[in-house]
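Undergrad: dropping the sequence and predicted coords here.
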Amino acid sequence: MDSTLKLLIVIISIGILNTIYLSYHTFTHKMVACFFFPKEWCEKVQKSNYSRTFGIPNSYLGLLMLTLILLFTLMYSNGTLSFVPAFIVIAAGFLFSTYFLYIQAFVLKAFCTWCVLSFFVFTALFITGCTVLFF
């Protein structure tokens, strides 16, 4: 496995840990720890109508997407699948996380540490995925 694929797996793992944390808090209805931002901001984001897509918590969707990306990346690394399916899910995740960052900045005017981390994870996946796909 080359170093780019190893980097992808590290980034995916960070994302999975992040979404497991968020999913746990979604399931238990406990507030997340809020670093770098006021606690009220994380609470506002976590309780907003934008925390769900089609009635499904975004944390669950993120965990599903990252699990699919990991599965597709592992299948790509052993030669059973092209990288295109992984990249499609990566691109969708990047677009969704960019949209949600926009919502936090301009609609809610509040940020959640874990949502911002998710944006950085999907941005890193998108850039690294472009490297795999196009170079």
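TA: Sure thing, it's come through.
Undergrad: which SSE is residue 34 in?
TA: Assigned by DSSP states H and E, residue 34 belongs to neither a helix nor a strand.
Undergrad: thought it was touching residue 41?
TA: Yes. With contacts counted by Cβ atoms under 8 Å, residue 34 reaches residue 41, the gap being 6.7 Å. For every residue, glycine as well, the C-beta is placed using N, CA and C.
Undergrad: give me the common contacts of the two.
TA: Counting by Cβ atoms under 8 Å, 6 or more residues apart in numbering, the shared contacts of residue 34 and residue 41 are residue 112.
Undergrad: same for whichever strand or helix holds residue 129, what does it pack against?
TA: Residue 129 belongs to helix 113-134 when elements are defined using DSSP H and E. Applying 3 or more Cβ pairs under 8 Å, 6 or more residues apart in numbering; DSSP states H and E, one finds that helix 113-134 contacts helix 3-28, helix 39-47, helix 58-77, helix 84-102.
Undergrad: any chance of these in a markdown table with mean pLDDT as columns?
TA: Shown next, in a markdown table, are the helices and strands packed on helix 113-134 (pLDDT from 0 to 100):
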| stretch | mean pLDDT |
| --- | --- |
| helix 3-28 | 96 |
| helix 39-47 | 95 |
| helix 58-77 | 97 |
| helix 84-102 | 98 |
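Undergrad: list the residues that contact the residue nearest the centre of the chain.
TA: Centrality entry for the chain: nearest residue to the mean C-alpha point is residue 118, 4.1 Å, by Cα atoms, centre = their mean. Counting by Cβ under 8 Å, 6+ apart, residue 118 touches 15, 18, 19, 22, 62, 97, 100.
Undergrad: how much space separates it from residue 109?
TA: Applying Cβ to Cβ, to the nearest Å, the value for residue 118 to residue 109 is 19 Å.
Undergrad: again, but for residue 29
TA: In terms of Cβ to Cβ, residue 29 sits 24 Å off from residue 109.
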